[in-house]
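Undergrad: Okay, here's the prediction I keep looking at, along with the sequence it came from:
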Amino acid sequence: MTSGSRTLAEALERAAAWPDEGVRVLDRHLAPTWLPWPSLVERARAVAGGLQARGVRTGERVALVFPTGAAFFDACFGTLLAGAVPVPLYPPVRLGRLEEYHERTSRMIVRADAAIVLADRGVRRVLGVAVGRARPRLGCVCPDELPVSDPRPVQVGEDDLGLVQFSSGTTGDPRAVALSHRALLAQAAMLNTFWPESDGIRHSGVSWLPLYHDMGLIGAVFTALVRPGTVTILPPETFLARPASWLRAISDYRATISPAPNFGYSLCVQRIADDELAGVDLSRWRFALNGAEHAVPDVMRAFARRFEAWNFRPEALTPVYGLSEAALAVTFGRTDRPFTARRFDRDLLAGSGLARESPDGREIASVGKPVPGVEVRIVGQAGTTLPEGAVGSIECRGPSLMDGYLGQPDETAATLVSGWLKTGDLGFSWDGELFVTGRVKEMLLLRGRNHAPEEVERAAATVEGVRAGCVVAATWLPEDGDGERLAVLAEARRDVASEDYEALAADCSRAVVGATGLLPDVTRVLPPGTLPRTSSGKLRRGDALRAFHAGALRPPSAITPLRLGVAMLRSRLAFVLSRLRTRGAW
């Protein structure tokens, strides 16, 4: 599973011999900029020489803050050819939250110990506060401001640092994941075994995932680099504004591989009209990977049905599981058949931590078996490996694990133990496949039972008027200690008037009760864009709960406490009625 190269820089130099392959960058109008590998290497050499002349030393970190575009590749590949280490960071996307952005970005620059920040001109105008706080040794510059100089040869080995990838930070501050060249190349080579050229198809990819995210950079770009192959890159903001642009790009460039989180498939179902897909043909799309968040069976079935008319193959939908600390993939679903999903008894999962199939239980999609070279085990609280069907902590080991967290030796020691990576996720094995049930730190604890927040969030998200993928469920223990409380925080769609938020909150409570039997103590509907998110767009449940307690997440003033109280009384009445029906009283 090796690429024939010891480092990413060697892989780049090797790719320079492939003029017919490369990176295609689409703008918001889907107009392409074609960057063949020889051109990418030549552009990267110019940046590499400039970085070295500026004073960047071998092994130093270079923070990259760019929107999706050709300049990102110049900076990233140029950093590698200079013998330095790229640290992709997310650009500012919400001008209304600049203070939060400056605080998090400055901490990431400091955590990575970046010597310099490279940014495009538009981003640099906004970065001043963050850079001022972090004070990198060589400041912040645009690539075209670097000195003109030929790059010097550098000595970099396969065990040296190749990338610093910040974890998404859903349960706390993002952590700087240190990945060696060896780990990155092992991951890219392993992924490429899933789409071999020997099957008679010339594989290529399309991705709208951010380039500072592991699925976007490692999964889409580095896999194309080590083949070498071609990948088409679509800006994430273009996909979010017009989801049909993703499917059209797959069709136009006859792509066979394209990944997305679950919410991307959901957005396509909800927002794409038939007339946007004139001439689209999805028949060549063989690997529709679903990762980065829980793969929801209903969403995948809806996607397959919705786009069957455009020749989408249901067996292409492939749930996968991975994390930054493993350089991406840990398990893959079967790629030669439709995805597998099973229903398991809710009470047993929540109370005893045991899986038992039940026709009306919680439905969970399998994320498949470990990828080649990787081992997965389920571990109990005592540290012993659990048998099939027992819920425990998911651990893995293999050739692409991180070296550790930069500047956090205690965190590293607690996460990497005797070669095994503690993922922080919960799950169980069933028929040799992995089923993920939730995060260790984010499980809902109510009356001594563990419940998956995703189930509550999914129920609330089915309500008409709730913004897709924008619901948080969290529990807390009040000061009086009288049992845990459940809060459901949901963003409304932009077309929902604030005076309708009250009724929407009551509908969300009823949906949660009906689907899970859990009654929220607080259900709050908020304006769109309110809930805190990670750099990759995942909701931060812990930060959302803290903001709720601090009074920072309030409904619009049109909803008075009295009206909210009436809505909650209605929800409690719905709960009582549902329990009576469940117990056969009616």
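TA: Here it is on my side, so go on.
Undergrad: thought residue 297 was touching residue 339?
TA: Yes. Assessed by CB atoms under 8 Å, residue 297 is found in contact with residue 339 at 7.4 Å. To be clear about C-beta, it is placed using only N, CA and C from the backbone, and glycine gets the same treatment.
Undergrad: Mind listing the shared neighbours of the two?
TA: Residues touching both residue 297 and residue 339 by CB atoms under 8 Å, 6 or more residues apart in numbering: residue 365.
Undergrad: out of those two, which sits in the busier spot?
TA: Higher neighbour count among residue 297 and residue 339: residue 339, with 23 against 19, using other CB atoms under 10 Å.
Undergrad: residues in contact with that one?
TA: Contact analysis of residue 339 by CB under 8 Å, 6+ apart lists 290, 295, 297, 300, 317, 318, 319, 333, 365, 366.
Undergrad: What is the neighbour count of the last one?
TA: Around residue 366 there are 24 other residues, counting by other CB under 10 Å.
Undergrad: Can you give me the distance of it to residue 222?
TA: 26 Å (CB to CB, to the nearest Å).
Undergrad: The third one too?
TA: According to CB to CB, residue 297 and residue 222 sit 30 Å apart.
Undergrad: what two of the contacts of residue 339 are the furthest from one another?
TA: Within the contacts of residue 339, 297 and 318 form the most distant pair, 13.2 Å apart (CB to CB).
Undergrad: Pop the domain breakdown of the chain in here.
TA: 8-241, 322-439, 444-582 (automatic domain parsing).
Undergrad: To residue 262, which of the ones you listed lies closest?
TA: The nearest among these, by CB to CB, is domain 444-582 at 8.0 Å.
Undergrad: can you give me how far that closest one is from the chain middle?
TA: 23 Å (CA atoms, centre = their mean, to the nearest Å).
Undergrad: I'd like the average pLDDT over that domain.
TA: The pLDDT scores in domain 444-582 average 77.
Undergrad: Three-state assignment for residue 282, please.
TA: Classification of residue 282 using DSSP: H, G, I helix; E, B strand; the rest coil returns coil.
Undergrad: what's the distance between it and residue 244?
TA: When residue 282 is compared with residue 244 (using CB to CB), they lie 12 Å apart.
Undergrad: if you count what's nearby, which of the two comes out ahead?
TA: The neighbour comparison of residue 282 against residue 244 (other CB under 10 Å) goes to residue 282, with 21 against 17.
Undergrad: residues touching the nearest residue to that one once chain neighbours are set aside, list them.
TA: Nearest residue to residue 282, sequence neighbours excluded (CB to CB, 6 or more residues apart in numbering): residue 312, at 4.3 Å. Residue 312 makes contact with 282, 283, 285, 288, 303, 304 under the criterion CB under 8 Å, 6+ apart.
Undergrad: CSV please, covering the contacts of residue 339 and showing pLDDT, distance to residue 509 and secondary structure.
TA: CSV is the format used below for these (pLDDT from 0 to 100; distance: CB to CB, whole Å; DSSP: H, G, I helix; E, B strand; the rest coil):
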residue, pLDDT, distance to residue 509, secondary structure
290, 96, 29, strand
295, 90, 26, coil
297, 93, 24, helix
300, 96, 27, helix
317, 97, 32, strand
318, 97, 35, strand
319, 97, 30, strand
333, 94, 34, coil
365, 95, 26, strand
366, 97, 31, coil
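Undergrad: For PyMOL, write the select line for the buried members of these.
TA: Selection command for PyMOL covering only the buried members of the contacts of residue 339, criterion 16 or more other CB atoms under 10 Å:
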select buried, resi 290+295+297+300+317+318+319+333+365+366
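Undergrad: Can you pull up the most central residue in the protein?
TA: residue 292 (3.8 Å; CA atoms, centre = their mean).
Undergrad: any idea which of the contacts of residue 312 is closest to residue 329?
TA: residue 288 (15.0 Å).
Undergrad: any idea how far that closest one is from residue 219?
TA: Residue 288 sits 13 Å away from residue 219, going by CB to CB.
Undergrad: Need the residues touching each of the two.
TA: Common neighbours of residue 288 and residue 219 (criterion: CB under 8 Å, 6+ apart): residue 259.
Undergrad: correct me, but residue 162 touches residue 188?
TA: No. Using CB under 8 Å, residue 162 is not in contact with residue 188, being 10.9 Å away.
Undergrad: about what we covered before: shouldn't the residue nearest to residue 282 be within a helix?
TA: No. Secondary structure of residue 312 (three-state DSSP): coil, not part of a helix.
Undergrad: what pLDDT does it get?
TA: pLDDT, read off for residue 312, is 98.
Undergrad: Return the distance of it relative to residue 528.
TA: Using CB to CB, residue 312 is found at 29 Å from residue 528.
Undergrad: Pull the contacting residues for the residue nearest to the centre of the chain.
TA: Shown in contact with residue 292 (CB under 8 Å, 6+ apart): 213, 215, 261, 262, 536, 538.
Undergrad: What about these, which are in helices?
TA: Here DSSP state H is the test, and the contacts of residue 292 give residue 262 as lying in helices.
Undergrad: Format the contacts of residue 292 as a markdown table; extra columns: neighbour count and distance to residue 115.
TA: Below are these laid out as a markdown table (neighbours: other CB atoms under 10 Å; distance: CB to CB, whole Å):
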| residue | neighbour count | distance to residue 115 |
| --- | --- | --- |
| 213 | 27 | 23 |
| 215 | 22 | 27 |
| 261 | 22 | 33 |
| 262 | 22 | 38 |
| 536 | 24 | 25 |
| 538 | 17 | 29 |
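Undergrad: give me the element residue 438 is part of.
TA: Using DSSP states H and E, residue 438 sits in strand 433-439.
Undergrad: That strand: which residues count as buried?
TA: Those would be 433, 434, 435, 436, 437, 438, 439, for strand 433-439 by 16+ other CB under 10 Å.
Undergrad: Is residue 91 in a helix, a strand, or coil?
TA: Secondary structure assignment for residue 91 (three-state DSSP): coil.
Undergrad: my guess is it contacts residue 68, does it?
TA: No. Using CB under 8 Å as the test, residue 91 is too far from residue 68 to be in contact (9.2 Å).
Undergrad: The two - which one has more neighbours?
TA: Neighbour totals were compared for residue 91 and residue 68, and residue 68 leads with 24 against 21 (other CB under 10 Å).
Undergrad: count of residues packed around the closest residue to the more buried one other than its chain neighbours?
TA: Excluding its sequence neighbours, the residue lying closest to residue 68 (CB to CB, 6+ apart) is residue 235, at 4.2 Å. For residue 235, the neighbour count with other CB under 10 Å is 19.
Undergrad: Distance of residue 235 relative to residue 241?
TA: If you measure residue 235 against residue 241 using CB to CB, the figure is 9 Å.
Undergrad: got any residues that touch both of those two?
TA: Here residue 235 and residue 241 share the contacting residues residue 28, scored by CB under 8 Å, 6+ apart.
Undergrad: mind listing the strands for the stretch 151-300 of the chain?
TA: Ranges of strands in the stretch 151-300 of the chain, per DSSP state E, counting those that start in this stretch, are 161-166, 176-180, 205-207, 231-233, 257-260, 287-290.
Undergrad: quick one: residue 119 and residue 142 touch, right?
TA: Yes. Assessed by CB under 8 Å, residue 119 is found in contact with residue 142 at 6.5 Å.
Undergrad: how about residue 416, what does it touch?
TA: Going by CB under 8 Å, 6+ apart, residue 416 touches 401, 402, 404, 422.
Undergrad: If we use 10 Å, what do you get?
TA: The neighbours of residue 416, taking CB atoms under 10 Å, 6 or more residues apart in numbering as the test, are 325, 397, 401, 402, 403, 404, 405, 422.
Undergrad: Counting only strands, which of the residues you listed make the cut?
TA: Secondary structure defined by DSSP state E assigns 397, 404, 405, 422 of those to strands.
Undergrad: could you dump the residues you listed to CSV with pLDDT?
TA: Listed next are the ones in strands among the contacts of residue 416 as CSV, based on pLDDT from 0 to 100:
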residue, pLDDT
397, 97
404, 97
405, 96
422, 96
